[in-house]
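**Student:** Test case, fold it:
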Amino acid sequence: MNTFRLILVPTLVTALVSAARLVAEVQGWISPQSGGALNPLGISWLAFVFGGYFALRISRLGSQPRRHPAWPWCLVAFVLIVVSIGWQFGPLLEADQSAETFQRVRGAVLVLAVIATTMAIVDFAIWPRLAVTMLCYAVPTRAIVIGITWLAKHNEWDTHYTKFGPPGIELDMTTTMVSATIAQGTFWIPWTIVAGFVAGSFFGKHR
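**Tutor:** The predicted structure is shown next:
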């Protein structure tokens, strides 16, 4: 199956959820707290849903993971990322919005990016076809988030898209866009791959 056709509908659904989240925050229906406050109207959890969907579709076409069972490895990779998020951002929960705190936030994002990318590489080794599909899904969906960040900042809307770290630091347009691009590109893309494998790894059996 063509990868573009496979990811088209999930990408459109994710874009609609992102747009709905933006409208809901601008209208004051949900909190614009930095980090998203674990609101269900978000796209991070969609990686689990579509990871399972992609795995089911490609496994029916004969693609299977190289290691069986795959799920323990994928689950460990995901747990390591979650633990790392707590390790890096936990000390910043009560931090102020100073320039020093922003440097700490940026450093934390880079550490998490390295860890998430490493875990994504592990998933590539386990099931390359699923990893490529998740990557092709992650890139446009995270690019949409970057576009929404610009739109929110340009219109001076109060949304979580333009706030960084647990303290919710707000910056000028240039710094906001650079920081958002780095975060979306280096952490959230590999996160999407790893999260997708949590569900997806249960649909493949080693040949």
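
**Student:** What ranges in this structure fall below the confidence cut-off?
**Tutor:** 1, 37, 204-207 (pLDDT under 70).

**Student:** State the distance from residue 38 to residue 44.
**Tutor:** 9 Å (C-beta to C-beta, to the nearest Å). Any C-beta I mention is one placed from the backbone N, CA and C, and that applies to glycine too.

**Student:** And residue 148, by the same measure?
**Tutor:** From residue 148 to residue 44 the distance is 14 Å (C-beta to C-beta).

**Student:** if you count what's nearby, which of the two comes out ahead?
**Tutor:** A direct count of neighbours by other C-beta atoms under 10 Å for residue 148 and residue 44 places residue 148 higher, at 20 against 12.

**Student:** Next, the contact list for the more buried one, please.
**Tutor:** If you count contacts by C-beta atoms under 8 Å, 6 or more residues apart in numbering, residue 148 has them with 18-19, 22, 161.

**Student:** Look up which helix or strand it falls in, please.
**Tutor:** Per DSSP states H and E: residue 148 is located in helix 128-154.

**Student:** buried sites along that helix?
**Tutor:** Along helix 128-154, these residues count as buried under the neighbour rule (16 or more other C-beta atoms under 10 Å): 129-135, 137-139, 141-142, 144-146, 148-150, 152-153.

**Student:** Reformat the contacts of residue 148 into a markdown table and put neighbour count, secondary structure and distance to residue 175 next to each item.
**Tutor:** Below are these laid out as a markdown table (neighbours: other C-beta atoms under 10 Å; DSSP: H, G, I helix; E, B strand; the rest coil; distance: C-beta to C-beta, whole Å):
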| residue | neighbour count | secondary structure | distance to residue 175 |
| --- | --- | --- | --- |
| 18 | 21 | helix | 22 |
| 19 | 13 | helix | 25 |
| 22 | 20 | helix | 21 |
| 161 | 23 | helix | 14 |
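
**Student:** And the furthest pair within those?
**Tutor:** Within the contacts of residue 148, 19 and 161 form the most distant pair, 11.7 Å apart (C-beta to C-beta).

**Student:** before we move on, back to that, quick check: next helix or strand after the helix holding residue 148?
**Tutor:** Taking DSSP H and E, what comes next after helix 128-154 is helix 173-183.

**Student:** Next SSE downstream of that following helix?
**Tutor:** helix 189-200.

**Student:** got the angle between that following helix and helix 128-154?
**Tutor:** With axes from the mean of the first three to the mean of the last three C-alpha atoms, to 10 degrees applied, the angle from helix 189-200 to helix 128-154 works out at 130 degrees.

**Student:** quick one: helix 189-200 to helix 173-183, angle?
**Tutor:** Going by the same axes, to 10 degrees, helix 189-200 makes 40 degrees with helix 173-183.

**Student:** Point out the other helices and strands that helix 189-200 packs with.
**Tutor:** If contacts are counted by 3 or more C-beta pairs under 8 Å, 6 or more residues apart in numbering; DSSP states H and E, helix 189-200 sits against helix 46-60, helix 71-89, helix 99-126, helix 128-154.

**Student:** Which of the ones you listed sits closest to residue 187?
**Tutor:** helix 99-126 (4.6 Å).
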